[in-house]
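In: Sequence and predicted structure are below.
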Amino acid sequence: MSIPFSNTHYRIPQGFGNLLEGLTREILRQQPDNIPSFAAAYFESLLEKREKTNFDPAEWGSKVDDRFYNNHAFKEQEISEKGKPEASLREETPVKALEESPEEEKEREENAAVKIQAVFRGHLAREEVRKMKQDEPAQETN
């Protein structure tokens, strides 16, 4: 017979889920050996960015979640304000702060292509050296 320890339901603070999702995404991208130190460095860089730009990803994420889960409330507000221009949350939130600009994205793609090409050329060069080493003993015996 099991007795539940507590029937208390804890609420996750707004924005905390988004911070953890961002950390998880970066851990999966970077594949660090020491995850706790990587997490500390990740959150330290987020704090530095927040101090420099006054942009808080946790606050922004909570606004996006609120907009998503309470979209009906925003629709009712837009209907009641027919005479006014549509005021949406998207205009208030700096979406570009989390997204890369097209130039940055193109530069990252080009750098990735250069790395892939360099690795492949290195592979071809190693294969050529391996073949040359295999041919040397055959030439020496002749």
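Out: Yep, it's here. Given the structure is predicted, the values throughout are model-derived calculations rather than measurements.

In: could you give me the average pLDDT of the helix ranked longest in the chain?
Out: Counting by DSSP state H, the longest helix found in the chain is helix 102-141. Confidence for helix 102-141, expressed as mean pLDDT, is 88.

In: tell me the contacts of residue 59?
Out: Contacts for residue 59 (CB atoms under 8 Å, 6 or more residues apart in numbering) come out as residue 15. Where you see a C-beta, it was placed from the backbone N, CA and C, and this is true even at glycine.

In: hmm, back to that, give me the buried positions along the longest helix of the chain.
Out: Going by neighbour count (16 or more other CB atoms under 10 Å), nothing in helix 102-141 comes out as buried.

In: Could you give me the buried positions within stretch 14-30?
Out: Those would be 15, 18, 19, 22, 23, for stretch 14-30 by 16+ other CB under 10 Å.

In: list the contacts for residue 22?
Out: 42, 46, 57.

In: Reformat the residues you listed as JSON lines; add pLDDT, secondary structure and distance to residue 108.
Out: As requested, the contacts of residue 22 are exported to JSON lines (pLDDT from 0 to 100; DSSP: H, G, I helix; E, B strand; the rest coil; distance: CB to CB, whole Å):
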{"residue": "42", "pLDDT": "89", "secondary structure": "helix", "distance to residue 108": "18"}
{"residue": "46", "pLDDT": "84", "secondary structure": "helix", "distance to residue 108": "20"}
{"residue": "57", "pLDDT": "74", "secondary structure": "helix", "distance to residue 108": "20"}
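
In: Could you chop the chain up by domain?
Out: Annotated domains of the chain cover 13-96, 100-142 [automatic domain parsing].

In: Out of those, which is closest to residue 7?
Out: domain 13-96 (20.7 Å; CB to CB).
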